[in-house]
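K.L.:
Sequence plus the predicted model coming up.
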Amino acid sequence: MKIVVIGGSGLIGSKLVQSLGAQGHEAVPASPKTGVNTLTGDGVAEALVGADVVVDVSNSPSFEDAAVLNFFETSTRTLLAAATDAGVGHYVALSVVGSDRLPDSGYMRAKVAQEKLIVASGIPYSLVHATQFFEFVQGIIDAATDGDTVHLAPVLIQPMAADDVAAEVAEVAVNAPTNALVEVGGPERFRLDELGRTILAAQQDARSVVADPDARYFGTTLGEHSLVPGDGARIAGTRLDEWRTRATRGK
């Protein structure tokens with residue numbers, strides 16, 4: 001199959017292109033680096049010619065509320081129009097577990113808007129909701145830092161490795177459209193504040209973590225289960241210790 005990966009030069013996209021190519025598919029990375037710009041439309045129609053599947057794992061360069069909403073709405077409309085013209089039979093998009101439960105977050109609102117456009121398009125689709133990546137936990141910690149103190153809510157989180165995210169998206173992409181939501185998560189649940197302490201201790205980082213129920217998570221407060229998938233989710237295999245060992249070896 002010809003599978004066009006929007007955001008194919010990024011963290012998940014590059015892994016996805018590699019995985020699909022190894023399976024014998026024609027995996028085409030599409031991003032501004034390859035001359036495909038979903039905001040301006042440049043190169044989009046050309047990239048989708050002959051495509052069987054489009055997988056959108058792109059992300060907004062800005063998380064500011066208006067900018068991120070504009071990115072996902074504009075980009076998705078551009079892609080859906082081109083996919084319709086090209087006769088694409090399966091549209092896959094990567095989103096976030098909990099996006100529909102966190103309306104106070106501008107980013108999550110933008111992801112929900114993206115998903116609504118896809119569902120309403122008439123193109124057979126699959127929506128993959130993944131939990132946070134191990135690779136992004138450092139960013140969560142840094143965003144929650146005030147001086148030498150990190151304020152994190154004591155709620156559940158079930159992170160997963162980017163390699164596993166790419167593998168799950170690839171599995172969905174090469175199969176029939178679900179016309180539904182597929183949730184994926186890591187094999188372990190942590191308290192977010194405890195995970196922060198674990199990560200900082202492993203790095204010998206002197207910052208202290210405070211369990212703060214009112215701590216904001218990219219603009220929103222969190223409930224106990226806001227960040228974890230529901231029953232029936234697909235569970236990836238890479239545990240935190242294994243991922244850290246791999247990451248250390250890769251340095």
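P.N.:
Cool, the structure landed. Being a predicted model, the structure only gives us computed values, none of them experimental. Numbering: from 1, shown residues only.
K.L.:
all strands of the protein, in order?
P.N.:
For the chain, strands defined by DSSP state E occupy the ranges 2-6, 26-30, 53-56, 90-96, 125-130, 145-146, 149-152, 156-157, 181-185, 190-191, 208-211, 234-235.
K.L.:
ok, the fifth one: who's next to it in the sheet?
P.N.:
It refers to strand 125-130. strand 90-96 (parallel), strand 181-185 (parallel) (DSSP bridges).
K.L.:
got the contact list for it?
P.N.:
90-99, 115, 118-119, 160, 165, 168-169, 172-173, 177-185, 229 (Cβ atoms under 8 Å, 6 or more residues apart in numbering). All C-beta atoms are positioned from the backbone trio N, CA, C, and that covers glycine.
K.L.:
Find out how far that strand is from the centre of the chain, if you would.
P.N.:
10 Å (Cα atoms, centre = their mean, to the nearest Å).
K.L.:
quick one on the thing from earlier: if you compare the strands paired with strand 125-130, which one is most tucked away?
P.N.:
Looking across these with neighbours counted as mean count of other Cβ atoms under 10 Å, the highest average goes to strand 90-96: a mean of 24.
K.L.:
got the angle between that one and strand 2-6?
P.N.:
Going by axes from the mean of the first three to the mean of the last three Cα atoms, to 10 degrees, strand 90-96 is angled at 30 degrees with respect to strand 2-6.
K.L.:
what separates strand 90-96 from the chain centre, distance-wise?
P.N.:
Per Cα atoms, centre = their mean, the centroid offset for strand 90-96 relative to its chain is 9 Å.
K.L.:
What average pLDDT does it get?
P.N.:
When pLDDT is averaged over strand 90-96, the result is 98.
K.L.:
Which positions in stretch 13-24 come out as buried?
P.N.:
13-17, 19-20 (16 or more other Cβ atoms under 10 Å).
K.L.:
Which one of these is nearest to Gln132?
P.N.:
Lys15 (16.3 Å; Cβ to Cβ).
K.L.:
Poorly predicted segments of the protein, please.
P.N.:
Confidence mapping of the chain against pLDDT under 70 gives the ranges 250-251.
K.L.:
how about 50 then?
P.N.:
For the chain, no stretch has pLDDT under 50.
K.L.:
Just give me the longest helix of it.
P.N.:
helix 65-86 (DSSP state H).
K.L.:
other SSEs contacting it?
P.N.:
Applying 3 or more Cβ pairs under 8 Å, 6 or more residues apart in numbering; DSSP states H and E, we find helix 65-86 packed against helix 44-48, strand 53-56, strand 90-96, helix 106-120.
K.L.:
Can you lay out those as CSV showing distance to Gln138?
P.N.:
Output for the helices and strands packed on helix 65-86, formatted as CSV (distance: least, Cβ to Cβ, whole Å):
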stretch, distance to Gln138
helix 44-48, 32
strand 53-56, 25
strand 90-96, 17
helix 106-120, 17
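K.L.:
mind checking which of those is nearest Pro213?
P.N.:
helix 106-120 (19.2 Å).
K.L.:
what angle sits between the closest one and strand 181-185?
P.N.:
Per the same axes, to 10 degrees, the angle that helix 106-120 makes with strand 181-185 is 140 degrees.
K.L.:
Okay, buried residues for helix 106-120 please.
P.N.:
106-112, 114-115, 117-118.
K.L.:
Point out the other elements, helices or strands, that it touches.
P.N.:
Helices and strands touching helix 106-120, as assessed by 3+ Cβ pairs under 8 Å, 6+ apart, comprise helix 65-86, strand 90-96, strand 125-130.
K.L.:
Can I get these in a markdown table including distance to Val57?
P.N.:
Conversion of the helices and strands packed on helix 106-120 to a markdown table gives the following (distance: least, Cβ to Cβ, whole Å):
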| stretch | distance to Val57 |
| --- | --- |
| helix 65-86 | 12 |
| strand 90-96 | 5 |
| strand 125-130 | 9 |
